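Asker: Quick one: sequence plus predicted model below, questions after.
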Amino acid sequence: ERLCPHLVSPATLAHADTNGKWKPAKHLIAMTRALVEAWYTPNSRTALIVPFQHGKSVLGSVYFPAWVLLRWPETRVALGSYEEGFASSFGAKVRDIVNRFGEFSGVKIRDDTNAKGEWVIDGYGGGMVCKGRGGALTGRPADLLILDDLIKNAEEAQSTAILDGIWDWYCTVAYSRLGPTAPIVAI
């Protein structure tokens with residue numbers, strides 16, 4: 001099988017999608033390696049812990065799921081964040097990348113499921129669902145779970161009630177939707 005050079009890794013996809021503006025800095029290459037290893041390792045648990053504004057969400061919550069879906073379009077991706085609008089903004093970006101690069105891998109998003117926060121790949125059943133913490137994932141199994149900024153700010157990070165609520169949502173909703181070998185990536 002001959003692979004399109006844009007789809008070799010999340011980094012090559014990011015570079016191609018931005019016409020070379022996305023630069024493969026050392027920390028981004030290290031994150032790319034960690035994400036690719038997470039994808040290829042059954043039941044992996046990976047955390048990207050990098051300072052603010054260093055590209056971890058762009059790489060981990062946008063280009064990584066787009067890369068997975070363009071190469072393995074049967075994959076069901078779930079992404080959670082501190083609120084649904086923020087989570088859906090990632091879904092819209094991934095959807096747009098899949099639309100732009102789908103011709104290289106024969107992937108197309110189903111016309112009747114083209115929302116920002118939830119869509120399906122035509123003929124494969126894979127796709128993406130994006131929810132804010134506390135959001136329902138009933139009936140939406142996941143082959144890949146991405147958790148990006150479940151805690152909004154320092155004030156929330158110091159609230160026992162909010163932290164307990166996040167943990168409860170993770171244990172009872174998000175984790176319970178995972179497929180048998182699904183990786184989890186926390187950002």
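Answerer: Noted; the coordinates are in hand.
Asker: which helices and strands does the lowest-mean-pLDDT helix or strand in the chain pack with?
Answerer: When each helix and strand of the chain is scored by mean pLDDT, DSSP states H and E, strand 109-114 comes last, with a mean of 86. Contact partners of strand 109-114 among helices and strands, from 3 or more C-beta pairs under 8 Å, 6 or more residues apart in numbering; DSSP states H and E: helix 84-105, strand 118-121, strand 127-132. C-beta here means a position set from N, CA and C on the backbone, and glycine is covered the same way.
Asker: Would you give the sheet partners of that strand, along with the direction of each?
Answerer: Using DSSP bridges, the strands paired with strand 109-114 are strand 118-121 (antiparallel).
Asker: Render the CA-only coordinates of the partner strand in PDB, please.
Answerer: What follows is strand 118-121, C-alpha atoms only, in PDB (Å, rounded to 0.1, in the frame of the first residue of the first chain):
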ATOM      1  CA  GLU A 118     -20.600  15.300  15.800                       C
ATOM      2  CA  TRP A 119     -20.200  13.700  12.400                       C
ATOM      3  CA  VAL A 120     -19.700  10.400  10.700                       C
ATOM      4  CA  ILE A 121     -17.500   9.200   7.800                       C
END
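Asker: Measure how far that strand is from the centre of its chain, please.
Answerer: Relative to its parent chain, strand 118-121 has a centroid offset of 13 Å by C-alpha atoms, centre = their mean, to the nearest Å.
Asker: same question for it, mean pLDDT?
Answerer: For strand 118-121, mean pLDDT rounds to 95.
Asker: do stretch 126-140 as well
Answerer: 90.
Asker: ok, now which ones touch Trp67?
Answerer: 7, 9-10, 13 (C-beta atoms under 8 Å, 6 or more residues apart in numbering).
Asker: now the helix or strand containing it against helix 84-105, angle please.
Answerer: Taking DSSP states H and E as the criterion, Trp67 maps to helix 64-71. Calculated by axes from the mean of the first three to the mean of the last three C-alpha atoms, to 10 degrees, helix 64-71 forms an angle of 30 degrees with helix 84-105.
Asker: and the angle from whichever helix or strand comes after helix 64-71 to helix 64-71?
Answerer: Where DSSP H and E defines the elements, the next helix or strand beyond helix 64-71 is strand 76-81. If you take the same axes, to 10 degrees, strand 76-81 sits at 170 degrees to helix 64-71.
Asker: Where does the prediction get shaky in the chain?
Answerer: Across the chain, the ranges flagged by pLDDT under 70 are 1-3.
Asker: Run the angle between the least confident helix or strand of the chain and strand 127-132 for me.
Answerer: 30 degrees.
Asker: which residues touch strand 109-114?
Answerer: Outside strand 109-114, the residues within contact range by C-beta under 8 Å, 6+ apart are 95, 98-99, 102, 119-122, 127.
Asker: Which positions within that strand qualify as buried?
Answerer: Ile109 (16 or more other C-beta atoms under 10 Å).
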